[in-house]
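Asker: Here's my sequence, what's the structure:
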Amino acid sequence: MDIPSGKKIYFSSDNHLGAPTPEASLPREKKFVQWLDEIKEDAAAIFLLGDLFDFWFEYKTVVPKGFVRVLGKLAEISDSGIPIYFFVGNHDLWMHDYFEKELNIPTYREPKEFKLGDKTFFIGHGDGKGPGDKGYKRMKKVFENSVFKWLFRWFHPELGMRLAQYLSVKNKLISGEEDKKFLGEENEWLALYAKRKLETKHYDYFIFGHRHLPMQIEVGKNSTYYNLGDWITHFTYGVFDGTSFELKEY
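Answerer: Numbers count the residues shown, from 1 in each chain. Predicted coordinates:
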């Protein structure tokens, strides 16, 4: 992807809209929409690295109620010709083709390599990667099981959404509350994952979310891992101007 002069590429992750309640998350949604409205002026592309919603499940004809402000803004930006890329997180794991069909936003379930300008990026949500996150890795196998998804689909949406939202907030394995402490540069499992990837190929930048902690860790020669933080506590995002990557606070 070429980056035109004066343009930038923006990265954001972990909004968890809808948590702990729709009313409580509304100010955060409005703040995020305001940010989107500002960056569209010089954005060459926008990467959303998952957990935009605290829970998302697509039935064949039903999607979760609400989020009209952010969905409308994403549609507006996409319609204007600015590409948006969405990486499914552990909270919106059950996303299917709604974003692609309604918003023209491609979705990815695994980390993906991008060449942005003359830099090579490895981008993803980050859940289940590296040596840690063991509790979630076990739970993810259940969530990805086709039988479990089929059974959940038979819940009436009113019941299914309420149950899922309750578990999303209360269950620490799902919410990630148990993993929000900095583990140290030598123990951060996404940094360890990045170092392992470097054994086979060089990447200038590894960009992930999921940890809810903004961080910058050198993982190799001329290679850096960044975590984007979140839009709950830190309100941080990443920006690449074609030369360097920077974490910023909104």
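Asker: Low-confidence stretches in this structure?
Answerer: Across the chain, the ranges flagged by pLDDT under 70 are 130, 132-145, 147-158, 160-179.
Asker: Return the residues in contact with the nearest residue to residue 35 once chain neighbours are set aside.
Answerer: Spatial nearest neighbour of residue 35, chain neighbours left out: residue 250 (5.2 Å); criterion: C-beta to C-beta, 6 or more residues apart in numbering. Any C-beta I mention is one placed from the backbone N, CA and C, and that applies to glycine too. Listed by C-beta atoms under 8 Å, 6 or more residues apart in numbering, the contact set of residue 250 reads 31, 35, 235-237.
Asker: Looking at those, which are in strands?
Answerer: Secondary structure from DSSP state E places 236-237 of these in strands.
Asker: Buried ones among the contacts of residue 250?
Answerer: The neighbour count (16 or more other C-beta atoms under 10 Å) marks 35, 235-237 as buried among these.
Asker: where do the strands sit along this protein?
Answerer: Assigned strands in the chain, in chain order: 8-12, 43-48, 84-87, 107-108, 112-116, 119-123, 205-208, 214-220, 223-228, 236-240, 245-249 (criterion: DSSP E).
Asker: just the ones you listed: most buried one?
Answerer: strand 205-208 (a mean of 26; mean count of other C-beta atoms under 10 Å).
Asker: Put the alpha carbons of that one into CSV.
Answerer: Taking Å, rounded to 0.1, in the frame of the first residue of the first chain, the C-alpha atoms of strand 205-208 are listed here in CSV:
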residue,chain,number,x,y,z
TYR,A,205,6.5,-3.5,13.1
PHE,A,206,4.2,-5.9,15.0
ILE,A,207,0.9,-4.2,15.8
PHE,A,208,-1.5,-5.9,18.2
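Asker: Thank you kindly, that will do.
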